[in-house]
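**Student:** turn this into a structure:
(chains A and B)
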There are 2 protein chains.
Amino acid sequence: MAQDKKQVEQITDMEVDFAQWYTDVCKKAELIDYSSVKGMFILRPYGYAIWENIQHILDTEFKKTGHENVYLPLLIPESLLQKEKDHVEGFAPECAWVTYGGSDQLEERLCIRPTSETLFCAHYQNIIHSWRDLPKLYNQWCSVLRWEKTSRPFLRHREFLWQEGHTMHATAEEAVAETEQMLNVYADFMEHVLAMPVVKGRKTEKEKFSGAEATYCVECMMHDKKALQGGTSHYFGDGFAKAFDIAFTGKDNQLHHPFQTSWGVSTRMIGGIIMTHGDNNGLVLPPKIAPMQIIIIPVAQHKPGVLEACQRVLEQLTVAGLRVKLDSSDQSPGWKFAEYEMKGVPLRLELGPKDMEKGQCVLVRRDSGEKSFVSLEGIEETAAKLLDAVQDGLFARAKRNLEENTYACATLEEVKEKMAVQGGFAKTMWCGDEACELRMKEEAGVSSRCIPFAQEHLGDTCAICGKPAKHMVYWGVAY
Amino acid sequence: MAQDKKQVEQITDMEVDFAQWYTDVCKKAELIDYSSVKGMFILRPYGYAIWENIQHILDTEFKKTGHENVYLPLLIPESLLQKEKDHVEGFAPECAWVTYGGSDQLEERLCIRPTSETLFCAHYQNIIHSWRDLPKLYNQWCSVLRWEKTSRPFLRHREFLWQEGHTMHATAEEAVAETEQMLNVYADFMEHVLAMPVVKGRKTEKEKFSGAEATYCVECMMHDKKALQGGTSHYFGDGFAKAFDIAFTGKDNQLHHPFQTSWGVSTRMIGGIIMTHGDNNGLVLPPKIAPMQIIIIPVAQHKPGVLEACQRVLEQLTVAGLRVKLDSSDQSPGWKFAEYEMKGVPLRLELGPKDMEKGQCVLVRRDSGEKSFVSLEGIEETAAKLLDAVQDGLFARAKRNLEENTYACATLEEVKEKMAVQGGFAKTMWCGDEACELRMKEEAGVSSRCIPFAQEHLGDTCAICGKPAKHMVYWGVAY
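**Tutor:** Residues are numbered from 1 along each chain as shown, chains lettered A, B, ... in the order given. The predicted model follows:
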């Protein structure tokens, strides 16, 4: 019966090998499985349920801010992809190409969308004619494909799930405001729902999206002090509109090109959740995104009344709007404890005959392991408060990690030294030249994360070349 | 300003050219647009919103019946697709093939999923080992691609959105019960939500899904009396499980192959809604699926208090849980009436100064054009009741269409005659031989729709060959 008895296996300690710990968590928490195509992963029910929660919350925000969902085709004709020069240069090397339909070779190759700017532009060209047709505030939930050489669960898939917003506006001001608004939607979501503190800023010219005038981003710090780009929001000006011949008659009766944005977040955020909050017992999920917020584990469940009492608590908590499961399988309580710790369920509720006598139960926090004996009366309020405490606790811990590992440096040498010892984000003044960015990459092994909106004056000169400084920049090693 | 003034254009009468009427409605109601790839369509916000409502309601049903959502890759290696002989024969001619990743030719061609049985089997082979791992009740929302020669909005896309359930069970009985359960979920949804009456039955051997042991289906009759297959549910036995080497240790400690099902519905249903309920003024949507259930149109909106009164009604109805929009744009009321008729909004609410004086408003049903003057007091209850009446009215009308155009025939000649005059569904006895099915197709131009679960005894012999009959079959011309 060896095959029959499911075991909760050990995972690698994060201090020993963070990358292996990460992969272990993805597999053992049953978030992901490998597929028959290299670099393409299966999102298992528990992993997909996290994505569904992300979708539900973000989609509500998108609709509140006036956006509508659409669905555009999976395939882009090569000639369409080539219409905007910078864009095609950025994406063509990563395209997967369809060349046959059935047994017929296609006249023109079709690429599986790596992103859909070109498709949206072709559609907008059809449907935008008058100022009455603006703004167009569209969003799409779909998968995209980028044929990358290396892959890691959630962080780098050849195919990944995401949303891509694509909007068109009558004026540049309105489009810039949209770009900023959506970045703020992402930042609020990541901080308040995923409990991941962010640095908001603008990408340098070198790091911006292919074809964009400006790329805004939210940058997060993982537990290993590396950076993860959480989401991006791009302002395109009217470059694509001109390339795709999109024009509208204004109220002034003249023809104008509209101004464009796009913005997206992906399943990559799930990788961020894992690496921000996880520990050596596995995943730790913020309650607001957890598919299961509370797991009820009966103790001595064969004793009379135990399962019935657990069932009553389950109903009480469910009615109160909490996401709760009762595990009454024949696995041992010890096995169950380990299993739901691995899955990062924020609260464990234990209930056995002794607790029943006292009208109480045991609540155990996943984040701190803290145990409390609480009355069954009003358990829904106690549990809800404790879930809030877990949510806040996770954010506070991640915020501390970000703050303690972000430091100012005056010189390239200082960045090299501190980065070697501490990792994290180095902040320096910068002249704005790409040459200095490249030198920082070569010598200190870090890339510019962003030019934060919250600028600080750390000095007058570039830390790399000594010329007059234009911006303060965050540097780090990125996933 | 000709470009500026949006006009509600005329559509072709359905009696003149049903196919053109259908295409006109898809375009003019802004459900769909053509894309840069032949046979691939854009789902515009209004069309996609209908799909979102379908998804929300069905997904809730799937979860109630214990199913979990997952996401499997878009691409299938050719060798994997070939593992089950009948299956690959059915799908290979319609596959789109990826042969290049970036600038590198792939070692093995990858096909864009036309359906995902093979991918699910490869995954199940990894994760099913013990009776404890069963059943697996998975579902996936995604798009699939079938490289067909001809295309029509919603009815036949090269790429379409759907859900595909894929389940594995310890016993054949359980798998058959699942197949039936999901067919019933579809039937209930189509009848009670989409107001489309269905015939439930089993496909003949000739018409069943490639690789299945049995295919169950729900068949609907469109306004032009042609048939539309609404959804299918397949029982696979353990054929795929054997081909993919999926086995589990039973409670008896022996190795067994599990039994499999799959089931799916797609955006095709939206085509069904259009062709079941639409009329010469455009789309007619059943209230339960309509993105907008009530449109409020102010009359003489420049008069003091009109817009404020409309706003109050909007809030009142929205709070009551209805999906309502107020159109206070500067288009004329006449333009607005035509626009929302085209879009099939179930109820129109008109409110002007005279109504305000009397504390009333006008409600107009989209299905019948019936107009009523109702008090603003308790408007949410009146409107909700009227929406129910529209829902019931649409179902009753479609049911009448189905019943009046379904008739028994004793001979092939009779089928030919009646089909030429009336169309619809002919029901006959049948010996079960494919030769008779082929002859019916050749001579009467109809294919077998299904062997209905509700069998009737119309005689003892096959209407085609005169041999002893095994089943009663429905025949028709299908979309």
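
**Student:** could you use CA atoms for every contact and neighbour count after this?
**Tutor:** OK.

**Student:** isn't A:Lys109 up against A:Gly101?
**Tutor:** Residue A:109: Arg, not Lys. No. Using C-alpha atoms under 8 Å, A:Arg109 is not in contact with A:Gly101; the gap is 10.3 Å.

**Student:** and A:Thr23, what does it touch?
**Tutor:** Contacts here follow C-alpha atoms under 8 Å, 6 or more residues apart in numbering or on different chains; on that basis A:Thr23 touches A:Pro153.

**Student:** next: A:Val176.
**Tutor:** For A:Val176, the contact set (C-alpha under 8 Å, 6+ apart) comprises A:Tyr235, A:Thr261.

**Student:** can you list phi and psi of it for me?
**Tutor:** When read as degrees, to the nearest 10, the backbone of A:Val176 gives phi -60, psi -40.

**Student:** pretty sure A:Ser447 contacts A:Trp475?
**Tutor:** Yes. Counting by C-alpha under 8 Å, A:Ser447 sits close enough to A:Trp475 to count as a contact (5.5 Å).

**Student:** ok, those two, which is more surrounded?
**Tutor:** Remark: of A:Ser447 and A:Trp475, A:Trp475 carries more neighbours, 27 against 20, as counted by other C-alpha atoms under 10 Å in any protein chain shown.

**Student:** and the more buried one, how far is that from chain B?
**Tutor:** 30 Å (C-alpha to the nearest C-alpha, to the nearest Å).

**Student:** just confirm that residue is within a strand.
**Tutor:** Yes. Assessed with DSSP: H, G, I helix; E, B strand; the rest coil, A:Trp475 lies in a strand.

**Student:** I'd say it and A:Ile451 touch.
**Tutor:** No. Between A:Trp475 and A:Ile451 there is no contact under C-alpha under 8 Å: 9.3 Å.

**Student:** what's near enough to touch the residue nearest the centre of chain A?
**Tutor:** In chain A, the C-alpha nearest the mean C-alpha coordinate belongs to A:Met269, at 1.8 Å (C-alpha atoms, centre = their mean). Neighbouring residues of A:Met269 by C-alpha under 8 Å, 6+ apart: A:Phe154, A:Gly230.

**Student:** SS state for it?
**Tutor:** Classification of A:Met269 by three-state DSSP places it in helix.

**Student:** can you check the pLDDT for it?
**Tutor:** Note on A:Met269: pLDDT of 98.

**Student:** in stretch A:118-127, what counts as buried?
**Tutor:** Buried residues in stretch A:118-127, defined by neighbour count with 16 or more other C-alpha atoms under 10 Å in any protein chain shown: A:Thr118, A:Leu119, A:Phe120, A:Cys121, A:Ala122, A:His123, A:Tyr124, A:Gln125.

**Student:** and stretch A:355-367, what's buried?
**Tutor:** Buried residues in stretch A:355-367, counted by 16+ other C-alpha under 10 Å: A:Asp355, A:Met356, A:Gln360, A:Cys361, A:Val362, A:Leu363, A:Val364, A:Arg365, A:Arg366, A:Asp367.

**Student:** which of these fall within strands?
**Tutor:** Counting by DSSP state E, the part of these found in strands is A:Gln360, A:Cys361, A:Val362, A:Leu363, A:Val364, A:Arg365.

**Student:** bridging residues for the third one?
**Tutor:** Pointing back at A:Val362 there. As for beta bridges, A:Val362 partners with A:Glu350, A:Phe373 under DSSP bridges.

**Student:** go ahead and confirm it touches A:Lys371.
**Tutor:** Yes. In this structure, A:Val362 is within contact of A:Lys371 by C-alpha under 8 Å, at 6.8 Å.

**Student:** mind listing what's buried in stretch A:331-345?
**Tutor:** So, applying 16+ other C-alpha under 10 Å, buried residues of stretch A:331-345: A:Pro333, A:Lys336, A:Ala338, A:Glu339, A:Tyr340, A:Glu341, A:Met342, A:Lys343, A:Gly344, A:Val345.

**Student:** include pLDDT when you put the residues you listed into TSV, please.
**Tutor:** Compiled in TSV, the buried residues of stretch A:331-345 are given as follows (pLDDT from 0 to 100):
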residue	pLDDT
A:Pro333	93
A:Lys336	96
A:Ala338	96
A:Glu339	96
A:Tyr340	98
A:Glu341	97
A:Met342	97
A:Lys343	98
A:Gly344	98
A:Val345	98
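
**Student:** how about those, which pair is most distant?
**Tutor:** Spatially, the most separated pair among the buried residues of stretch A:331-345 is A:Pro333 and A:Gly344, at 16.3 Å (C-alpha to C-alpha).
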